[in-house]
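Visitor: Predicted model and sequence below, questions to follow.
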Amino acid sequence: MTTTPETTVRAGGAAQGGRGGTEIRLEHVTKDFGLATPAVDDVSLTVEPGEFMTLLGPSGSGKTTTLNLIAGFETLTAGTISLGGRDVSDVPPHRRNLGMLFQNYALFPHLTVAQNVAYPLRERKVPKKEIARKVAEVLELVQLTGRDDHHPAQLSGGQQQRVALARAIVFEPAALLLDEPLGALDRNLRSALQTEIRRIHREVGSTFVFVTHDQEEAMNLSDRIALFNDGRIEQVGTPQQLYAEPETLFTARFLGDSNVFELGRAELDGKVGWDGETWAIDPATVAAHPGVRERSAIVVRPEDVEVAVRREDVPAGANAVRAVVRDVEYMGSYRTLLLAMGDRGLPGRTRVAPLRGDYAAGDEITAWWRPEAQRIVAA
Amino acid sequence: MSSRHTRWSNWLLLVPALALLAGILLVPLIRTLWYSVFDPDWTLENYGALFTDGVTTTVLWRTVVTAAMVTVATLLIGYPYAYLMTRVSPRARGVLLAIVLIPFWTSVMARNFAWIVILQDGGPVQSLFAFFGADDVVFYGTTVGVTIAMTQVMLPFMVLPLFSTLGGIDRRLLLAARGLGSSPTAAFWKVFWPLSRGGVMAGVILVFTLSLGFYVTPALLGSPQESLVAQLLAQRTTLLLDFAAAGALGMVVLVVTLVLVAWANRLGGAVSAIGVVAAGPVKESR
Amino acid sequence: MTPIAPETAQNPTLEAAPGSPPAPKAARRRYRHVDPIPWWLKAFGGLVVVFFILPTLFVIPMSFSDAQTFEFPPRGFTWRLYENFFTNPVWLDSLRNSFLVAVLTAVLATTVGTAAAVALWRLPGRAARLVRTLLMVPIVAPAIVVAVAVYIAFLGWRLTGTVTGYVLAHTAIAVPYVLVSVTGALGGLDPRLLRAAASLGSSPGRAFVRVTMPLISRGILTGAIFAFIVSFDEVVLALFLRSPVFQTMPVQMYNSVTVEIDPTISAASSIMVVAVTVIFLLPPLLRGRGRRR
């Protein structure tokens, strides 16, 4: 109890927590609640100093539990967590010097905006004048000046979240943890605040760890994404990598739309057959994941699929499949054709420019794509 | 909030409350039990004596009858009142509930004194009956008078379990019964009443049980020739200093009370009704 | 409380799931003639309300009576009884004793009860629920049995007739009321606020002081008031624990009926009734004024 929070965890790299950011390292982290499977199962991850890392995944995938483990609200069943090179596995949450943003804002209802933001500074015995200055500074950063004496109940959702953000960064923490902070907001507000968060990350420079189930949000905000599935990390990479080079079917399906052709156990050299069609495999597009040898699938993004009315119009070297148009959706800047592909009528989708060609339900067409555009993933 | 290292500190916070209850309630009760079975050697004679001493059984029977009368009275008054509470607006409901709780929270002595004034010979109630020609009606010093005063205070314990149950009955069932040809009375007895039985049982048992232990009201409004069990207990303890007999009787009353309340709780949340009463007549609003 | 289905019966065309807010006033008024509350039920309710409130009010006119007995209607008009209450050492002493015991009980019961409420709020599971039920036993157990047992034990421990004895006994009875009150306040407390406090650097102790306490302060105050009232008003235990030199006010009132007819009891009763009413009406009135901010 004798050390103040800021002295217990020093940031790696630059002098204090704020500028330069801290490295967060999880090694073989496991959390078991005594249920059938562990909530977090042998997760290892390194968040680089100053990075914006998103933990993405469906509900129950372990991403929130992982965040809580980093924060210290849950204790580890196994593994270690280090901040800036220092093992904090046994350090209680109030000494980890991490800022946290909650989905319901968690602003103290009995304190004013200014008092809420000043709270962590008072805990660290910062002198009064300094507190006033820092509070004003950070409220300006989140663009919420002039409401110092209001209580949280008098603010809108978006304003409350800004106050929560200000409160979480005013004490220049080693890193900022964000637990689906925009989930309770409507679409427009969410967009606006996403931009805010990105801007603040750039200005402040700390490490941000963001949890969400919204893949668009993740791709929008992150330097890197860790995709969670059932307690384990499915894949880690930049949004570009996860989208264009998924290793598994789960990843391909979770981020963006896909057309999926399951191959089962197949030899992936040169050519492969599917429902009567024969397709070329570009070895550069095969995932490195070992599971690809056991079960694999071909994944093609809708925007990479072209439509030809006659089979003969398909260019040489392209992979093609016969399909029937089930429906046409007008999306504004493009149209989506919902297809039934092959004899099985496998659902698929492709995008066409709004003015190119006239398609209607029932049309028989041929969908085709270049082998470089497809991706072979572990299924 | 699952930090394991604060778990022992939480139990530590409970120690004062548990120690107090153990010291002030548990230990004395055990001591009393001890007195009743070790007199000085192990004996159940004191419990047997309850049936043979000629007084206890009479008093117990009288107490049971009184408690039964109070129960019937509270049921007859409380059922329509609880039903009314389910029909009115939320604000009126809050007011009705607060009013039910007022006697419970009003000074015991003030309340009983008021009843003495009202029910006494020559008092307003007797004058009222005399006005209508009934000249010999006496309330003070009778079981009827005691029942009236006890009913006033016991009503919340009938109304609350009833309200909780009645509020959950879909009144469209009544309308459906009417639509199928039942008269309003028949609809009530065939549809509404059976569905409310859980709450009725809980209220009945709760009121009956709590009525058994009343002391002040029967002592002030009843007559010494018609004592109830609480007065007998007091007499044996302070006048006769017969701790063994008092202990035996006390244990019997206590065990019966606890068993009945536990039963009432199973039937209709009696303990939570007590909790609502204990929360007072003024609701906290957020 | 279980959902109130009657709202939906009054508005058959509105979709109302159980527990949804009641239909807007206009709609309900429109349908009231379809299924109104019978007049006799409302009249009955009125009578019951009178039954609850009116009897106790009888003490007030009695307190101005000039008679030496409890005769009603009261004779004359005088402040004599109130004078007697505030000058007669017998009454004054009893008032002072009651006050002393009640204040000490309130302090002790509030501390113990709040600690227990907080502990039970944090602890999940069956053990905690069992403890909570146990702590409610004093309300359920018959006062006479408790009084007898405590009297016998206190005789042996030489606590009868002492302030300590009274305070300990009354605290044991008052704790459940504090527990209910503070538990109610804790119910409105969002546990994530405490996580936020921890993330901002507060140890559990500091988080309790800076976040939990301010937010449950009203519940604690209410509990303290209830503990005070429960102690001040307590009769049965007080009758058993009294000594010739130490009596509480309810005991003195009891004596005015049983030992020696003393009409001062009317003044004492009136004061009690008014005081308790004021105490209960104070919090909502204060809150109402504050809301105009």
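Guide: Now that the structure is in, tell me what you want to look at.
Visitor: where's the residue in chain C that chain B sits nearest to relative to B:Ala234, distance?
Guide: Nearest residue of chain C to chain B (C-beta to the nearest C-beta) works out as C:Pro142 at 2.6 Å. Using the backbone N, CA and C atoms, a C-beta is placed for each residue, glycine as well. The spacing between C:Pro142 and B:Ala234, counted by C-beta to C-beta, to the nearest Å, is 12 Å.
Visitor: Let me see the contact set for the residue of chain C closest to chain B.
Guide: Applying C-beta atoms under 8 Å, 6 or more residues apart in numbering or on different chains to C:Pro142 gives the contacts B:210, B:212-213, B:230, B:253-254, B:257.
Visitor: Just the buried residues of these.
Guide: Among the contacts of C:Pro142, those buried by neighbour count (16 or more other C-beta atoms under 10 Å in any protein chain shown) are B:210, B:212-213, B:230, B:253-254, B:257.
Visitor: Tell me the one among the residues you listed nearest to B:Leu175.
Guide: Among those, B:Leu210 lies closest to B:Leu175 (C-beta to C-beta), at 36.3 Å.
Visitor: Spatially nearest residue to that closest one, not counting backbone neighbours?
Guide: Take B:Leu210 and drop its neighbours on the chain: the residue closest to it by C-beta to C-beta, 6 or more residues apart in numbering or on different chains is B:Phe157, 6.0 Å away.
Visitor: Please work out which residue of the stretch 151-286 of chain B is closest to chain C.
Guide: Counting by C-beta to the nearest C-beta, the stretch 151-286 of chain B gets nearest to chain C through B:Gly213 (2.6 Å).
Visitor: low-confidence ranges in chain B?
Guide: B:1-6, B:268-271, B:281-286 (pLDDT under 70).
Visitor: Mind listing what's buried along whichever strand or helix holds B:Pro103?
Guide: Per DSSP states H and E: B:Pro103 is located in helix B:90-105. Neighbour counts over helix B:90-105 (16+ other C-beta under 10 Å) mark B:93-94, B:96-105 as buried.
Visitor: Which stretches in the stretch 1-150 of chain A count as helices?
Guide: Taking DSSP state H, counting those that start in this stretch as the test, the helices found in the stretch 1-150 of chain A are A:5-8, A:63-71, A:113-123, A:128-141.
Visitor: Dump the ones you listed into JSON lines; add mean pLDDT as well.
Guide: As requested, these are exported to JSON lines (pLDDT from 0 to 100):
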{"stretch": "helix A:5-8", "mean pLDDT": "41"}
{"stretch": "helix A:63-71", "mean pLDDT": "94"}
{"stretch": "helix A:113-123", "mean pLDDT": "94"}
{"stretch": "helix A:128-141", "mean pLDDT": "93"}
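Visitor: Those helices into JSON lines, with extra columns for distance to chain B and mean neighbour count?
Guide: Shown next, in JSON lines, are those (distance: least, C-beta to the nearest C-beta, whole Å; neighbours: other C-beta atoms under 10 Å in any protein chain shown):
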{"stretch": "helix A:5-8", "distance to chain B": "16", "mean neighbour count": "17"}
{"stretch": "helix A:63-71", "distance to chain B": "10", "mean neighbour count": "24"}
{"stretch": "helix A:113-123", "distance to chain B": "18", "mean neighbour count": "23"}
{"stretch": "helix A:128-141", "distance to chain B": "28", "mean neighbour count": "15"}
